[in-house]
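J.: give me a 3D structure for the following:
(2 chains)
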Amino acid sequence: MGETLLEVKNIVTEFRTADGQLPAVRDVSFSLKKGETLCIVGESGCGKSITSLSVIGLLPSNGKITSGEILYEGAPIHNLPAEKMRQIRGNKISMIFQEPMTALNPVLTIGFQIREPLMLHHKLSKSEATKQGIELLKQVGIPYPEKRIDQYPHELSGGMRQRVMIAIALSCNPGLLIADEPTTALDVTIQAQILDLINDLKDKLNMGVMMITHDMGVVAEVADRVMVMYAGKKVEEGLVEEIFNNPKHPYTIGLLNSVPNVDDPDFELEPIPGSLPSLNEQITGCRFHARCKFASDICRNKEPQVVSVSDTHKVSCWLETEVH
Amino acid sequence: MAELATAPGAGVNKEIKRERTFVVTMKRLLKNKLAVAGLIIIILQIGMAIFAPLITFHDPVKQDINASELPVFSENHWLGTDNYGRDVWSRIVYGARISLVVGLIAVTLGLIGGTILGMLGGYYKKLDGIIMRIVDLLFSFPGILLAMLIIAILGTSLVNVAIAISIWSIPTCARIVRGSVLSIKEKEYVMAMKSLGASDLRIMFKHILPNAFAPIIVFATMRMATAILSTASLSYLGLGAQPPTPEWGAMISQGQAFMWSSPHLTIIPGIAIMLTVFAFNVVGDGLRDAIDPNMDI
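T.: This next block holds a predicted model:
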């Protein structure tokens, strides 16, 4: 674990909608070191994707970071002009997407698509880019890369395509890789391979990886640190062992209990009741209180503060505040 | 990492797969009998236009007072002659040249203009309103009226006819392209390209445009028919080709006065126009079905 790569400080991302400005990410801070994997966990719609899009500067046109800052290697990137940000994307910060089936352009060859970032950022000639593209495909474990490079995406399987996506995303040796549910659309057997691949390449290239997922199995597999988000807020953050062995926030506990456990015959699935509040819902106090079985009056009225369980483990929940 | 998603050899034989899209489209097209008929007519016509000097024996504009208004199947003139004694077959063959070239220029210019406008409108939300209002404005004119207006401004000539027809093609093309771009730009691969730092222009023309080709090709084929018909209409009205240019519309217009004595002077160019328009329309229809049976434009 090396120096700090990415630092996100108190960002608020808001969307302009018919109902006014709605915050999707509320005052979230986190940091990421080189060679480290941070998993952002939470239900669909809790703001984890928007957090990552804020970092890479690809928010939808009605979204905006309204406060806070994002530092990449110490330099702010949240307020860069579009052209500067474009030079960072793909070059220093890359992203891979959920659906390998749709994230590759169906009418262009793999070669064309893998050459794009190389020619764009490294100003390579076409033949050099092809040569390097073949190397990259080899690196992500694609057999016969010389032939594959001339094929179209529909000629590859889902796992292959995700490998190609990874190769494209890593073509310019970015420092930070954002992976937005990279394995959700894949077969379970392929999932493990892709996760291994990301892990191997992370170590090899000393990248920071920001992995967005709702799958606790994936978290256990790859994460160094975990950040749990709920309704736009960070509710708990800690090392992966701390989160799995000693979860503090009732939401984290709920997430862990909603993963089936085959080893333990007495284990019962325990779904979290209710559903995520919508963006425009006014909630006083803790944002999770409506679904929390431990909720008390204070939870309904006052927002909980961040409590440090250990140096690395932080939680915002009144239960913990009372313990300390 | 040794276990791979597919058997290592699967799909590597690229030669077989490479031409698939084109071959599949052509196969589907060739199953459509009407489209095949249209294709044959178009190919014959292109042949006619290219080899015009080889398949005609008279100068299309050369007058011969001694052989005026000869009927069909006359000696030396199998399609007869007009009131100035010009060979109708030669004029039809050279007319094919004019129709195809004018049609091609008009459609190409219209496609370029329409694609750029549609692309900008579809991609940039801010430009969309302005561009689509301009398009609406162009739509509000009846096509032939718009063309006449443009020719009135530019003057009568075949080149101006091509320009007029291309301007008239722009709004339809812009709408079609905009519609495609609107749906394509939401695709994840566009987002992926953005995440790689590609510029807007690059995304628009290298990544979105190839995906929008199918409707554009169909539109272009269908538009060829309209363009050829419009060229003939404008020439018929005296706004396009000027005598003695052997243009089909102009031929009908000139032959009109001799409708009763020599009906072939109007009927033959009329058939030429009809066949051409028919051919391009059925091929366009066939292409649409072949490219994507679910597509609707």
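J.: make it CA atoms for all contacts and neighbour counts henceforth
T.: Fine.
J.: A:G63 is in contact with A:G20, isn't it?
T.: No: between A:G63 and A:G20 there is no contact under CA atoms under 8 Å: 11.8 Å.
J.: quick one, which of the two is more surrounded?
T.: Taking other CA atoms under 10 Å in any protein chain shown, A:G63 and A:G20 do not tie; A:G63 has more neighbours (20 against 10).
J.: return the distance of that one relative to A:P265.
T.: 46 Å (CA to CA, to the nearest Å).
J.: B:A279 too?
T.: From B:A279 to A:P265 the distance is 73 Å (CA to CA).
J.: those two: which has the busier surroundings?
T.: Shown here are B:A279 and A:P265; by other CA under 10 Å, B:A279 has more neighbours (26 against 7).
J.: now the more buried one. Nearest residue, chain neighbours left out?
T.: Spatial nearest neighbour of B:A279, chain neighbours left out: B:G38 (3.8 Å); criterion: CA to CA, 6 or more residues apart in numbering or on different chains.
J.: tell me which helix or strand that neighbour sits in.
T.: helix B:33-50 (DSSP states H and E).
J.: what residue in the stretch 201-324 of chain A comes nearest to chain B?
T.: Ranked by CA to the nearest CA, the top residue of the stretch 201-324 of chain A for proximity to chain B is A:L201, at 12.2 Å.
J.: just the pLDDT for the residue nearest the centre of chain B.
T.: Compute the mean C-alpha point of chain B, and by CA atoms, centre = their mean the closest residue is B:M224, 1.8 Å away. Reported pLDDT at B:M224 in the predicted model: 92.
J.: likewise B:T6?
T.: 45.
J.: now swap in A:V240 and tell me
T.: 92.
J.: can you count the residues close to the residue nearest to it when sequence neighbours are not counted?
T.: Leaving aside its chain neighbours, A:V240 sits nearest to A:R225 (4.9 Å; criterion: CA to CA, 6+ apart). Neighbourhood size, A:R225 [other CA under 10 Å]: 23.
J.: then A:N280?
T.: For A:N280, using other CA under 10 Å, the count is 13.
J.: now do A:E14
T.: A:E14 has 22 neighbours, counted by other CA under 10 Å.
J.: contacts for the helix or strand hosting A:L319 next, please.
T.: Assigned by DSSP H and E, A:L319 belongs to helix A:318-323. By CA atoms under 8 Å, 6 or more residues apart in numbering or on different chains, the residues outside helix A:318-323 that reach it are A:K248, A:I298, A:C299, A:P304, A:Q305, A:V307.
J.: make TSV from these and add secondary structure, pLDDT and distance to chain B to it.
T.: Converted to TSV, these look like this (DSSP: H, G, I helix; E, B strand; the rest coil; pLDDT from 0 to 100; distance: CA to the nearest CA, whole Å):
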residue	secondary structure	pLDDT	distance to chain B
A:K248	coil	90	35
A:I298	helix	87	43
A:C299	helix	86	39
A:P304	coil	88	36
A:Q305	coil	86	35
A:V307	strand	88	35
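J.: give me the residue at the spatial middle of chain A.
T.: Closest-to-mean residue, chain A, CA atoms, centre = their mean: A:I212 / 2.7 Å.
J.: using the three-state scheme, assign that residue.
T.: Secondary structure assignment for A:I212 (DSSP: H, G, I helix; E, B strand; the rest coil): strand.
J.: can you give me the helices for the chain?
T.: As the question left the chain open, I've gone with chain A. Secondary structure of chain A (DSSP state H): helices at A:48-56, A:82-88, A:110-121, A:126-139, A:145-148, A:158-169, A:188-205, A:216-222, A:240-245, A:250-257, A:297-301, A:318-323.
J.: that was the other one, I meant chain B.
T.: B:14-18, B:20-31, B:33-50, B:52-55, B:88-123, B:125-140, B:143-154, B:158-184, B:188-195, B:200-202, B:213-236, B:248-255, B:264-291.
J.: got CSV for those, with distance to A:E241 too?
T.: Formatted as CSV, those follow (distance: least, CA to CA, whole Å):
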stretch, distance to A:E241
helix B:14-18, 48
helix B:20-31, 51
helix B:33-50, 67
helix B:52-55, 83
helix B:88-123, 46
helix B:125-140, 47
helix B:143-154, 72
helix B:158-184, 43
helix B:188-195, 32
helix B:200-202, 43
helix B:213-236, 52
helix B:248-255, 84
helix B:264-291, 54
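J.: re the thing from before, can you tell me which of the helices of chain A is most buried?
T.: Greatest average neighbour count among the helices of chain A goes to helix A:158-169 (a mean of 26), per mean count of other CA atoms under 10 Å in any protein chain shown.
J.: is that one positioned near chain B?
T.: Yes: residues of helix A:158-169 contacting chain B under CA under 8 Å from any CA of the partner chain: A:G158, A:G159, A:M160, A:A169.
J.: show me where the stretch 1-150 of chain B dips below the pLDDT cut-off.
T.: B:1-21 (pLDDT under 70).
J.: now with 50, please.
T.: By pLDDT under 50, the weakly predicted segments of the stretch 1-150 of chain B are B:1-17.
J.: and the two most separated of the contacts of helix A:318-323?
T.: A:K248 and A:I298 (17.4 Å; CA to CA).
J.: surely B:V177 and B:Y123 touch.
T.: No: counting by CA under 8 Å, B:V177 stays clear of B:Y123, with 10.3 Å between them.
J.: neighbour-wise, which of those two wins?
T.: Higher neighbour count among B:V177 and B:Y123: B:V177, with 27 against 23, using other CA under 10 Å.
J.: quick check, pLDDT for the more buried one.
T.: 94.
J.: measure the residue lying closest to it once chain neighbours are set aside to A:P60 for me?
T.: Excluding the flanking residues, the one nearest B:V177 by CA to CA, 6+ apart is B:G118, at 5.0 Å. The spacing between B:G118 and A:P60, counted by CA to CA, is 21 Å.
J.: and those two? Which one has more around it.
T.: Higher neighbour count among B:G118 and A:P60: B:G118, with 30 against 11, using other CA under 10 Å.
J.: just checking, that one touches B:R175?
T.: Yes: at 6.0 Å, B:G118 and B:R175 qualify as touching, with contact defined as CA under 8 Å.
J.: for A:K293, the count of nearby residues, please.
T.: If we define neighbours as other CA under 10 Å, then A:K293 has 12 of them.
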